[in-house]
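Novice: this one's structure only:
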């Protein structure tokens, strides 16, 4: 944030703005981190002992990142022991390391290498945390909770209109979606099942589920539009439908 300074002088005071100074120690530390990051990347691109040492260093970095991410999600993993958390972190670091080494040639230097690598382990740790949190929870793939969307006893005029839209949505879910689209839409959009958890339970990929959800939403919007509903007027554009 600029610091406002008032310069003394003749007549009206003149304002100038001074840039905050960055301490030399902070700048030196940043340069050192950048240097270590580049050295790590250079080591990974070599062979022999230098490569092995860089892999070990990267794995340590990833393990710390995994612990950080799992710690951030600790409330959802409260029942896990320290050993179980350590195992999850190690799995995340191992898989992130494999992915990074496989994609090393795709790194283009848009960010610091360690920043780029860190994202891999955050993703892996997040996936494992969600899967572990849902491990003992049932995912009802034939769930019909979407039938209970409509409120049978609305009060105000707005509630009447919203209830009518919900009833139309229920009808559209029943008639405009395929069984697979209905299953995916109910699990992801209505019941809040994490997409990677659902992918694991169904033996499919996140990409396939994203496509099914996208197709389901598009079919619902089309069916509701055909029924005379303008989702923009109801404030539902971009929501569950």
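Specialist: Cool, got the structure. Not measured: the values here are computed from a predicted model.
Novice: where does the chain dip in pLDDT?
Specialist: Low-confidence segments of the chain, defined by pLDDT under 70: 1-32, 136-162, 231-241.
Novice: Distance check, the residue nearest to the spatial centre of it against residue 65.
Specialist: Centroid-nearest residue in the chain, with Cα atoms, centre = their mean: residue 123, separated by 7.6 Å. Relative to residue 65, residue 123 is positioned 10 Å away (criterion: Cβ to Cβ, to the nearest Å). (Each C-beta comes from the backbone N, C-alpha and C, glycine too.)
Novice: Give me the common contacts of these two.
Specialist: Counting by Cβ atoms under 8 Å, 6 or more residues apart in numbering, the common neighbours of residue 123 and residue 65 are residue 96.
Novice: just to revisit the earlier point, report the buried residues of the helix or strand hosting the residue nearest to the centre of the chain.
Specialist: Mapping residue 123 onto the secondary structure by DSSP states H and E places it in helix 113-133. For helix 113-133, the neighbour count (16 or more other Cβ atoms under 10 Å) marks 113-114, 116-118, 120-133 as buried.
Novice: can you list the residues that contact it?
Specialist: Defining contact as Cβ under 8 Å, 6+ apart, one finds that helix 113-133 is touched by 33, 36-38, 40-41, 58, 61-62, 65-66, 69-70, 73, 76-77, 80, 88-89, 91-93, 95-96, 99-100, 107, 110, 194, 196-197, 200.
Novice: Buried ones among these?
Specialist: Buried members of those, scored by 16+ other Cβ under 10 Å, are 37, 40-41, 58, 61-62, 65-66, 69-70, 77, 80, 88-89, 92-93, 95-96, 100, 194, 196-197, 200.
Novice: Just the residues you listed: which are in helices?
Specialist: Among the buried ones among the contacts of helix 113-133, the members found in helices (DSSP state H) are 37, 40-41, 58, 61-62, 65-66, 69-70, 88-89, 92-93, 95-96, 100, 196-197, 200.
Novice: and residue 228, helix, strand or coil?
Specialist: For residue 228, the assignment made with DSSP: H, G, I helix; E, B strand; the rest coil gives coil.
Novice: Please determine how far it is located from residue 113.
Specialist: According to Cβ to Cβ, residue 228 and residue 113 sit 55 Å apart.
Novice: what do you get for residue 83?
Specialist: The value you get for residue 83 to residue 113, if Cβ to Cβ is used, is 31 Å.
Novice: Could you pull up the contacting residues of the nearest residue to residue 94 once chain neighbours are set aside?
Specialist: Closest residue to residue 94 apart from its sequence neighbours, by Cβ to Cβ, 6 or more residues apart in numbering: residue 59 at 7.7 Å. Taking Cβ under 8 Å, 6+ apart, we find residue 59 in contact with 93-94, 97.
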